[in-house]
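Colleague: With the sequence up front, the predicted model follows.
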Amino acid sequence: MNLMADSPVKVNQPGDAPAGPSPEEQKKMEAAYNQMKRKMAISEMGKAIKHKIMVLSGKGGVGKSTVATGLALSLAQQGLKVGLLDIDITGPNVPKMMGLSGRRLNVESGRIHPAQGHLGVKVISMAFLLEDEDTPVVWRGPIKLGAIQQFIGDVDWGELDYLIIDFPPGTSDEPLTVAQNLPDIDGMVIVTTPQDVALLDSRKSITFANSLKVDVIGVIENMSGYTVRGKAPSGAEIELAAPGGKTVRVTADDEGHWSGTLDIFKSGGGEKTAEEFGVPFLGKLPFDPGFVRGGDDGVHRIVSEPDGPASLAFAEVVAQIQSKVESGSTDSGLEII
């Protein structure tokens, strides 16, 4: 009697070809292979991109994405090769600010090629993968982190002088994932406003950077003062009503031009916070309604008025950042926690 005839177990007989991997084993092998390729690509990307800067804010509404976009455009104004990575998976706004709404990513040979925005800035964003702007992204942590790893490892940036990375507000998994996967990060730029609530959360961002052992390049105080300009007879004195019942007095110059700055959201809190934590203060950016219009129209203030006050303010901040990262004074070394 052949007991093996009805057995469900397959027994290789002499001369049979060895059994291949099961479908499940095959999937695991493919996943491991893809992960290995991605790590190799990330390593090569680390060599091809000279400087990598993370832009964070402790809370939403401080203009972080506007600042990140402005930093990228200001660097591109210098003729530098710049990339802008929008890592805000659930609320990607960078494409609209860069005039790239409705674009789709180009994928060739398994590599994702960025879209090209104003001044030649290369842009990657989750928004490029959505069917329409109203589609919500409801992903649990592992799926979201997998998408971030794919954005890092599968994008063909080419050679860049700077990669600016825009994160969602807060200190969640996104910056941790990037810090763990992207080599040789120069550091973080923390964006805040003069409001007490924003300053409180910016302190958390600085502490978060320290816990990752990622250098804090510095703090930017956004929406810092609204400058009003006008013309009057030479030498005329003008009184401006400021918040809190205060009055700002200005005098017209010889040509009749006058200007005065009103502290809409207080002033100086960003600099004080930087001093308190022993990190550099990179400067102030003005409160400018043109940023709102530019964000809606897809034409950033730096593009529409390259020699305007806002562009000059960004240029001063960027000069501070370049001085720090290009001198090699940053010292980022992530410790996995």
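Modeller: Received the coordinates, thanks.

Colleague: Thr192 versus the most centrally placed residue in the chain, what's the distance?
Modeller: Centroid check for the chain by C-alpha atoms, centre = their mean gives Asp166 as the closest residue, at 1.3 Å. Asp166 sits 15 Å away from Thr192, taking C-beta to C-beta, to the nearest Å as the criterion. (Glycine included, C-beta is placed from N, CA and C.)

Colleague: one step back: any chance you could read off phi and psi for the residue nearest to the centre of the chain?
Modeller: Asp166 adopts backbone torsions of phi -100, psi 120, taken as degrees, to the nearest 10.

Colleague: Verify the contact between it and Gly70 for me.
Modeller: No - contact criterion C-beta atoms under 8 Å: Asp166 and Gly70 do not qualify, at 10.9 Å.

Colleague: pLDDT weak spots in this protein?
Modeller: Where the chain drops to pLDDT under 70, the residues are 1-21, 25-44, 46, 132-133, 197-198, 265-267, 292, 295, 329-337.

Colleague: and it, what are its domains?
Modeller: 46-224+263-326, 226-262 (automatic domain parsing).

Colleague: Can you say which of those domains is nearest to Pro23?
Modeller: domain 46-224+263-326 (20.9 Å; C-beta to C-beta).

Colleague: what are the ranges of the strands in the chain?
Modeller: 49-56, 82-86, 106-108, 111-113, 115-116, 122-125, 160-166, 187-192, 216-221, 226-231, 237-241, 247-251, 257-262, 281-284 (DSSP state E).

Colleague: among those, which is the most enclosed?
Modeller: strand 187-192 (a mean of 29; mean count of other C-beta atoms under 10 Å).

Colleague: quick one: the helices in the stretch 201-337 of the chain?
Modeller: Under the criterion DSSP state H, counting those that start in this stretch, the stretch 201-337 of the chain contains helices at 269-277, 289-297, 301-304, 309-326.

Colleague: tell me the most buried of those?
Modeller: helix 301-304 (a mean of 22).

Colleague: packing partners for it?
Modeller: Judged by 3 or more C-beta pairs under 8 Å, 6 or more residues apart in numbering; DSSP states H and E, the packing partners of helix 301-304 are helix 64-77, helix 289-297, helix 309-326.
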